[in-house]
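Sharing a model that was predicted from the sequence below.
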Amino acid sequence: QSALTQPPSASGSPEQSVTISCTGTSSDVGGYKYVSWYQQHPGKAPKLMIYDVTKRPSGVPDRFSGSKSGNTASLTVSGLQAEDEADYYCISYAGNNNWVFGGGTKVTVL
Amino acid sequence: EVQLVQSGAEVKKPGTTVKISCKVTGYTFTDYYIHWVQQAPGKGLEWMGRVDPEDGDTKYAEKFQDRVTITADTSTDTAYMELSSLRSEDTAVYYCAANGVFYYGLDVWGQGTTVTV
């Protein structure tokens, strides 16, 4: 199972938007609605930000949103804030009880 | 409070085996799968496998299939990840995470355990 493809880095100025892509295949991202996104600050455990492609857990700011088109899922952070600077990872169900992560994207707030 | 508390850091010699624990509190242990995730220094997250604590059913990523064993002890509400034939590339932080306690995703994470080979 190959890792999902994410851009290594993304950046934006405060209050701008940034969108991170997560590209897989029809056997994972494109085949299921089970894509979730995680935020990880240095030295910390990952935190669930989006699940089931578009759903946001309670407590996660509505600046974070998810979408999917074909084999590519996306995470958009609107109105960037300094605390959004972190690494972001997608994960998708890949069938037969397998899961696969993306390689991660480092988001920098300029 | 829902918590996953992992065992402490380990230093191991190449070729040996490490076993990390993940103690669950705050919810019914058998209700949700426990997953294990590897993060090598400066690298991304990698899914290793999962266990269904209710019946012990496991699924492993192909990369780790031959060397990893994930178990669940319902008498102590603790999940374990054992990695054998350790090599330097296994130096990493290992996380356990529960799937679906509040939301359908890895929504509750342990604090991570550093293994140095």
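Yep, that arrived. Residues are numbered from 1 along each chain as shown, chains lettered A, B, ... in the order given.

thought B:V11 was touching B:T116?
Yes: using C-beta atoms under 8 Å, B:V11 is in contact with B:T116, at 4.8 Å. C-beta: built from backbone N, CA, C; applies to glycine.

Can you give me the neighbour number for A:Q81?
Here the number of neighbours of A:Q81 (other C-beta atoms under 10 Å in any protein chain shown) works out to 12.

Now do A:E15 against B:W36, distance only.
38 Å (C-beta to C-beta, to the nearest Å).

For chain B, which residue gets nearest to chain A?
Proximity of chain B to chain A (C-beta to the nearest C-beta) peaks at B:G105, 3.5 Å away.

so who does that residue touch?
By C-beta atoms under 8 Å, 6 or more residues apart in numbering or on different chains, the contact list for B:G105 reads A:S36, A:L48, A:I50, A:Y51, A:D52, A:P57, A:I91, B:N99.

quick one: secondary structure of A:P57?
coil (DSSP: H, G, I helix; E, B strand; the rest coil).

Would you agree it is in contact with B:Y103?
Yes: assessed by C-beta under 8 Å, A:P57 is found in contact with B:Y103 at 5.0 Å.

shared neighbours, those two?
Common neighbours of A:P57 and B:Y103 (C-beta under 8 Å, 6+ apart) are A:L48, A:Y51.

Now do the same contact list for B:S7.
B:I20, B:S21, B:C22, B:T113.

Tell me which of those fall in strands.
Per DSSP state E, strands hold the following members of the contacts of B:S7: B:I20, B:S21, B:C22, B:T113.

Switch the residues you listed over to JSON lines; also include pLDDT, distance to chain A and neighbour count.
Shown next, in JSON lines, are those (pLDDT from 0 to 100; distance: C-beta to the nearest C-beta, whole Å; neighbours: other C-beta atoms under 10 Å in any protein chain shown):
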{"residue": "B:I20", "pLDDT": "98", "distance to chain A": "14", "neighbour count": "23"}
{"residue": "B:S21", "pLDDT": "98", "distance to chain A": "16", "neighbour count": "17"}
{"residue": "B:C22", "pLDDT": "98", "distance to chain A": "12", "neighbour count": "28"}
{"residue": "B:T113", "pLDDT": "98", "distance to chain A": "11", "neighbour count": "20"}
